[in-house]
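Student: Next come a sequence and a model predicted from it.
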Amino acid sequence: MKEIVTTITKKGQVTIPVEIRRLLSLKAKDKVAFSIENNKVRIAPAKYTIETVFGAIKPLKKPEEFNNLRKIAIKEHTDKVVEEMK
């Protein structure tokens, strides 16, 4: 097992060494997930879920008209289903 040492800043931050970033295919602005099991910490690229990407896209209008968006989505889905049935 290879060990790589890095330093923690006053703010509790660390730089992920380049060898590990390459191994995990991490780029600037990527998110990482830490998991703890049996007193061991693992790092992996974060999986994107609704919760992890919430707020990443700015709405077109504020406040968003969710009822209107819902009606549009239902109509688009209905049109797609009807088209597939032809």
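Tutor: It's in.
Student: how about Arg22, secondary structure?
Tutor: helix (DSSP: H, G, I helix; E, B strand; the rest coil).
Student: Tell me how many other residues crowd it.
Tutor: Using other Cβ atoms under 10 Å, Arg22 has 9 other residues around it. C-betas here are computed from N, CA, C, even on glycine.
Student: what residue ranges in this structure score low on pLDDT?
Tutor: Per-residue confidence for the chain (pLDDT under 70) gives these ranges: 61-64.
Student: So which residue is dead centre in it?
Tutor: Tyr48 (3.3 Å; Cα atoms, centre = their mean).
Student: what residues are up against the closest residue to that residue other than its chain neighbours?
Tutor: For Tyr48, ignoring the flanking residues on the chain, the nearest one in space by Cβ to Cβ, 6 or more residues apart in numbering is Lys31 at 8.0 Å. Counting by Cβ atoms under 8 Å, 6 or more residues apart in numbering, Lys31 touches Pro45, Ala46, Tyr48, Thr52.
Student: Centre of the chain to the helix or strand harbouring Thr52, how far?
Tutor: Using DSSP states H and E, Thr52 maps to helix 50-53. Computed by Cα atoms, centre = their mean, to the nearest Å, the chain-centroid distance of helix 50-53 equals 6 Å.
Student: Put the alpha carbons of the next helix-or-strand element following that helix into CSV.
Tutor: Going down the chain from helix 50-53, the next helix or strand is helix 66-85, by DSSP H and E. The C-alpha trace of helix 66-85 is given here as CSV (Å, rounded to 0.1, in the frame of the first residue of the first chain):
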residue,chain,number,x,y,z
PHE,A,66,-44.2,25.2,-10.5
ASN,A,67,-47.8,24.5,-11.5
ASN,A,68,-47.1,25.9,-14.9
LEU,A,69,-43.9,23.8,-15.3
ARG,A,70,-45.8,20.7,-14.1
LYS,A,71,-48.5,21.2,-16.7
ILE,A,72,-45.9,21.7,-19.5
ALA,A,73,-44.0,18.5,-18.3
ILE,A,74,-47.2,16.4,-18.3
LYS,A,75,-48.2,17.7,-21.8
GLU,A,76,-44.8,16.9,-23.2
HIS,A,77,-44.8,13.4,-21.7
THR,A,78,-48.4,12.8,-23.0
ASP,A,79,-47.4,14.0,-26.5
LYS,A,80,-44.4,11.6,-26.4
VAL,A,81,-46.5,8.6,-25.3
VAL,A,82,-49.1,9.3,-28.0
GLU,A,83,-46.4,9.6,-30.6
GLU,A,84,-44.9,6.3,-29.6
MET,A,85,-48.3,4.6,-29.8
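Student: Cool, thanks, talk later.
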